[in-house]
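Participant: how does the following fold in three dimensions:
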Amino acid sequence: MKIKGHKLICRLLLVSMFHLVTVVPVAAFTIGEERTLGEKLLYTVRSSFDIIEDPDISQYINKIGHDVLEVTGVQYFDFHFFVINNREFNAFAAPSGLLFFHSGLIGAMESEDELVSVIAHEIGHIVKRHLAARMETGKYSSMTSLGLAIAAIAFGGAAAPALLTGALATGQSMNLHYSRLHEEEADLLAYGWMKDLHRDTGGQVKMLESMRKIARYRSDRLPQYLLTHPNPEARLHYIEALIDSESYQKGEKSPSPDDFDFLRFKYRILSQLKNMTNLKASLASIIADNRSSEFSKIMARYGLSQICKNESDYELALEHLQEVIDYFPHKNILSVDKGVIQFEERQYIKARKTLESALHQNSSDMYATFTLGKLMYSIGRLTEAESYLRTVTYHMPEYSQAYFELGKIASNKNQAGLSLYYLGKYYLYEGRLKLAEMNFKKVLRESKTSESIIAKSKELLKKIKKLQK
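Facilitator: Okay, the predicted model is just below:
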């Protein structure tokens, strides 16, 4: 169970990172130190936030992120992109190429170009090592303090408040936001990369306009993203000046079929938020509005299909989804969506046929592969289930739910050591290090466990020990 106190402390830790903005040479804060801190922070965030790691959502945002990285040149870090299930209008870049986007921010976007502009901007901060520069103030105190704060979040207990107080102390007199120079550098890089990707730089303008609107009408409680990324008005004028020479015409831009993947991603995410009343009303309004394009109406129906699925109204979910499939008969991912609904409705024969057909069309679709793994387990085909799930762990080695399912299969096969090993990996990638450590230690006490699994467990115990330092 995720603990509310942990969430609060983690949020404060992340805010504290943005306190340290004094710009000094970044060389003293080494690449190695940044990697170490980033790795620790990743496990902390996993344990404290509700990260949406559905295979299709994870594959989509990482694909978009790595598309941007293709034009940025050689990087120091392996970048990873995550979606946090939270209504806040927020995103943050953490040390060593970790980027997190709240569902509230994604919900405010209308096109893939807007998403690309934000991702590119955040990558720009990491490429220019703005984070390292801001965390350089009092090198040892900031490194040690942030390390203590991470330990406090990871392990909790009575010491957590005192450790956090010490961690925040170095930032109390600092500003809360990136400098104007940092923001201009990141905006300029994002603008250039969008052009290199042949993206519409109007998406960057649209995102800044949204930020300006929120800044004007929510001045009493600005979202964290506008505190750490200030001055949307000035930034908007700066970007508009850059694209004046390209004769960019401002105005409302309707979603186009090119945004199918983005809107599917957006509605999949928003349908997982609690209390769908407002989203349902918004989608129904789009469908009823004569000014809405046919594409917008169809994608609104897709959103309704996902809400109905999550509310276990499978008949209506399939009814909405079928209209989307009829409009886009060649979108293979919609067949996966259909198979998932059929599986959740326990129509196993239909679901298997639908998902196997979809996977035949796209063997790299991990959403279909993972669902087929769960389906095969449900009908007692354990060997086939294991094969599908191992494929998922090969392509998505940090996807915790796949290890949980593999653990169940190993348990059913009376492979106690292997089951404990998979359960340990599940807890590890959930950020629950104590439980992971406990399970890996149990593996070592199982006499029938293979030497390979014992060796892997020992290596992971070393990793956990390093993360706990």
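
Participant: show me the helices in the stretch 151-300 of the chain, by range?
Facilitator: Using DSSP state H, counting those that start in this stretch, the helices assigned to the stretch 151-300 of the chain run over residues 160-169, 180-196, 202-217, 224-228, 232-243, 260-270, 277-288, 294-310.

Participant: among those, which comes closest to K128?
Facilitator: Closest to K128 of the helices of the stretch 151-300 of the chain, according to C-beta to C-beta: helix 180-196, at 5.4 Å. Every C-beta, even on glycine, is put in place using the N, C-alpha and C of the backbone.

Participant: now the closest one: average pLDDT?
Facilitator: Mean pLDDT, helix 180-196: 89.

Participant: likewise for stretch 384-393?
Facilitator: Stretch 384-393 comes out at a mean pLDDT of 98.

Participant: centre of the chain to it, how far?
Facilitator: 23 Å (C-alpha atoms, centre = their mean, to the nearest Å).

Participant: and it, what's buried?
Facilitator: 385-386, 388-389, 391-393 (16 or more other C-beta atoms under 10 Å).

Participant: same deal with stretch 315-324?
Facilitator: Across stretch 315-324, burial judged by 16+ other C-beta under 10 Å covers 317-318, 320-321, 324.

Participant: neighbouring contacts of that stretch?
Facilitator: 298-299, 301-302, 304-306, 308-309, 334, 337-338, 341-342 (C-beta atoms under 8 Å, 6 or more residues apart in numbering).

Participant: check the buried residues of stretch 384-393 and tell me the two furthest apart.
Facilitator: Longest span within those, C-beta to C-beta: A385 and T393, 12.8 Å.

Participant: and A91, how far is that from Y76?
Facilitator: Here A91 is placed at a distance of 21 Å from Y76 (C-beta to C-beta, to the nearest Å).

Participant: what about those two, which has more around it?
Facilitator: A91 (23 against 14; other C-beta atoms under 10 Å).

Participant: SS state for the nearest residue to the more buried one once chain neighbours are set aside?
Facilitator: Among residues not flanking A91 along the chain, F101 sits closest, at 4.6 Å (C-beta to C-beta, 6 or more residues apart in numbering). Assigned state for F101: strand (three-state reduction, DSSP: H, G, I helix; E, B strand; the rest coil).

Participant: burial of F101, as a residue count?
Facilitator: Neighbours of F101 (other C-beta under 10 Å): 25.

Participant: and the gap between it and S363?
Facilitator: Distance check for F101 against S363: by C-beta to C-beta, it reads 28 Å.

Participant: same thing with E405?
Facilitator: 20 Å.

Participant: now do the SS call for the closest residue to F100 other than its chain neighbours.
Facilitator: Closest residue to F100 apart from its sequence neighbours, by C-beta to C-beta, 6+ apart: F82 at 4.9 Å. When classified by three-state DSSP, F82 comes out as strand.

Participant: surely F82 touches L98?
Facilitator: Yes: using C-beta atoms under 8 Å, F82 makes contact with L98 at a distance of 7.4 Å.

Participant: who touches both of these two?
Facilitator: Here F82 and L98 have V45 as joint contacts, going by C-beta under 8 Å, 6+ apart.

Participant: mind giving me the domain split of this structure?
Facilitator: Domain assignment for the chain, taken from automatic domain parsing, gives 4-246, 399-469.

Participant: got the phi and psi for the nearest residue to Q306 once chain neighbours are set aside?
Facilitator: Residue nearest to Q306 in three dimensions, not counting chain neighbours: S271, with 3.7 Å by C-beta to C-beta, 6+ apart. Main-chain torsions, S271, degrees, to the nearest 10: phi -70, psi -10.

Participant: quick check: S271 touching A300?
Facilitator: No: at 11.9 Å, S271 does not count as touching A300 under the criterion of C-beta under 8 Å.

Participant: tell me which of those two has more neighbours.
Facilitator: A side-by-side neighbour count of S271 and A300, using other C-beta under 10 Å, places A300 first with 24 against 21.

Participant: now stretch 36-46: average pLDDT?
Facilitator: On average, stretch 36-46 scores 79.
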